[in-house]
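Novice: Give me a 3D structure for the following:
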Amino acid sequence: MRGNDAIHLGLMLLAFAASYLVPFELLLLAYVVLGPAHYFTEISWLHDRSYYLPHRGIAAALAIIAVVAALIDNASWFGFAMWGALIVCAMLAATNSAIESMLLFMVAIGLSAIMYSSGSSLAVIGVLIPTLIHVSLFTLIFMVLGAYRSGSRIRLRWWPSISSQSPRSCCCRRLPKSGSRALLGWDRIISAMSARP
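Specialist: A predicted model of the protein is given here:
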């Protein structure tokens, strides 16, 4: 095992142990301190790569959409704004031809219709995209791509066991009862789900 692989594995195991021992406190630390620090270091890196978009101006438009979406009071419309921004970004960054963009757009319309017909799904998606999907799924993709590109067999072997522990560590412990629902936004999710037409 290379030195970097051993360090990464050790840090991941340490993070999982900390998430099991102090889940709520670690969540607050991640959102208040580590998240903003991560984005401050990442912005220049993304800017050098044009945010993986065809034009840097699109990133400014997405930043404006994010600010406007933060002001949306209706959970379903917030979810629709997040879902729409994700689809537009996927079309701009991940497709190479007009046919691929069209196929992705058609699948997105179908999924949007399914979510709209089920009532609260757009509200739930609005909460999950900037939190769980962004953090967990994208981090997993970057880890796998990094291991694949570096040719590290060790990292390719241990990432499935690490990624399977994350949901267990979150589900095995209970959050404190005092105010945890309000802090995590569960009140917004529950009210959106109960307000089904």
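Novice: helices and strands of this protein: which one bottoms out on pLDDT?
Specialist: Here the helix or strand of the chain ranked lowest by mean pLDDT, DSSP states H and E is helix 180-184, holding a mean of 44.
Novice: low pLDDT regions in the chain?
Specialist: Applying pLDDT under 70 to the chain flags the ranges 1-2, 5, 152-197.
Novice: how about the helices of it, start to end?
Specialist: 3-21, 23-29, 35-48, 56-70, 75-94, 98-117, 121-128, 138-150, 153-171, 180-184, 186-194 (DSSP state H).
Novice: just how off-centre is the fourth one within its chain?
Specialist: The one in question is helix 56-70. 17 Å (C-alpha atoms, centre = their mean, to the nearest Å).
Novice: Show me what it is in contact with.
Specialist: 46, 47, 50, 51, 53, 78, 81, 82, 85, 89, 92 (C-beta atoms under 8 Å, 6 or more residues apart in numbering). C-betas here are computed from N, CA, C, even on glycine.
Novice: and residue 102, how many residues sit next to it?
Specialist: The number of residues packed near residue 102 is 12, by other C-beta atoms under 10 Å.
Novice: how near is it to residue 70?
Specialist: Shown here: residue 102 relative to residue 70, a distance of 31 Å by C-beta to C-beta, to the nearest Å.
Novice: Throw the contacts of helix 56-70 into a markdown table and include distance to residue 141, thanks.
Specialist: What follows is the contacts of helix 56-70, written out as a markdown table (distance: C-beta to C-beta, whole Å):
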| residue | distance to residue 141 |
| --- | --- |
| 46 | 16 |
| 47 | 21 |
| 50 | 20 |
| 51 | 17 |
| 53 | 17 |
| 78 | 24 |
| 81 | 23 |
| 82 | 18 |
| 85 | 18 |
| 89 | 14 |
| 92 | 17 |
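Novice: PyMOL command for the buried members of those residues?
Specialist: In PyMOL syntax, the buried subset of the contacts of helix 56-70 is picked out as below (16 or more other C-beta atoms under 10 Å):
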select buried, resi 51+53+78+81+82+85+89+92
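Novice: out of the helices of the chain, deepest packed?
Specialist: helix 121-128 (a mean of 21; mean count of other C-beta atoms under 10 Å).
Novice: by how many degrees do that helix and helix 75-94 diverge?
Specialist: 60 degrees (axes from the mean of the first three to the mean of the last three C-alpha atoms, to 10 degrees).
Novice: Packing partners of helix 121-128?
Specialist: Applying 3 or more C-beta pairs under 8 Å, 6 or more residues apart in numbering; DSSP states H and E, one finds that helix 121-128 contacts helix 75-94, helix 98-117, helix 186-194.
Novice: which stretch among those comes nearest residue 29?
Specialist: Closest approach to residue 29 among the helices and strands packed on helix 121-128 (C-beta to C-beta): helix 186-194, 19.5 Å.
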